[in-house]
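Undergrad: Structure for the following, please:
(2 chains)
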Amino acid sequence: NAGVTQTPKFQVLKTGQSMTLQCAQDMNHNSMYWYRQDPGMGLRLIYYSASEGTTDKGEVPNGYNVSRLNKREFSLRLESAAPSQTSVYFCASSEGTSGSEYFGPGTRLTVT
Amino acid sequence: GESVGLHLPTLSVQEGDNSIINCAYSNSASDYFIWYKQESGKGPQFIIDIRSNMDKRQGQRVTVLLNKTVKHLSLQIAATQPGDSAVYFCAETPLSKLIFGTGTRLQVFP
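TA: Next up, the predicted model:
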């Protein structure tokens, strides 16, 4: 039981490049989330998926898109990366939207 | 290592002492609260939770206290150990989504 896994662990992009961050969970959770974490800002919700087939915007969705590929997988895409998107990105999952969330190890993204 | 939390408030305690980490939450509609621990380079890890119909909940070496009147949450760690060194976040759930506080860094010295 791996919990929540994320790939890649580290990534460096040039401004304007695109990439997709992958996330998978093996806990049969219904809800999945993408957060970004910046120094002194705590975690901020980018997008979430309450259940398979649904996605909704969080607090900071601009510049991102998501896909809930199936119950296990939830990907985050940056279509045209900007230096302001330099951050650590965490994926999380939970049984429902009101329960405790389990986090992956994070992806450290640098945009130059 | 992780550079998150460069400007976080810091609590320094001696090994063996009790630690109290405080959190003010913002939304009176929040009915569920969680404390997370985040070690350097890792994702947040669930510690303990409490629902709004409770004032106190105890776990192993940890206690969470909730004061809804003043919208205040605290995490008490008994007999603090070096392995407790981390950043601690409280989270509240207005509208069924978690909202995280900015965190407190706990440093444990011998």
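Undergrad: Next, find the distance separating B:N67 from B:G83.
TA: Here B:N67 is placed at a distance of 28 Å from B:G83 (CB to CB, to the nearest Å). For the C-beta atoms, the positions are set from N, CA and C on the backbone; glycine is no exception.
Undergrad: cool, A:P83 as well?
TA: Distance from A:P83 to B:G83, counting by CB to CB: 36 Å.
Undergrad: Indicate whether stretch B:47-60 makes contact with chain A.
TA: Yes: contact of stretch B:47-60 with chain A (CB under 8 Å from any CB of the partner chain) involves B:D49.
Undergrad: Give me every residue in chain A that's in contact range of chain B.
TA: Close to chain B, as judged by CB under 8 Å from any CB, chain A has residues A:4, A:33, A:35, A:37-45, A:48, A:58, A:88, A:90, A:92, A:97-106.
Undergrad: Could you list which of those residues belong to strands?
TA: Counting by DSSP state E, the part of those found in strands is A:4, A:33, A:35, A:37-38, A:42-45, A:48, A:88, A:90, A:92, A:102-103.
Undergrad: ok, A:R68 - contacts?
TA: A:M32, A:S49, A:E52, A:G53, A:T54, A:T55, A:F74 (CB atoms under 8 Å, 6 or more residues apart in numbering or on different chains).
Undergrad: Reformat these as a markdown table; add neighbour count and distance to B:S52.
TA: As requested, these are exported to a markdown table (neighbours: other CB atoms under 10 Å in any protein chain shown; distance: CB to CB, whole Å):
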| residue | neighbour count | distance to B:S52 |
| --- | --- | --- |
| A:M32 | 28 | 25 |
| A:S49 | 22 | 26 |
| A:E52 | 15 | 29 |
| A:G53 | 9 | 31 |
| A:T54 | 11 | 26 |
| A:T55 | 17 | 28 |
| A:F74 | 28 | 29 |
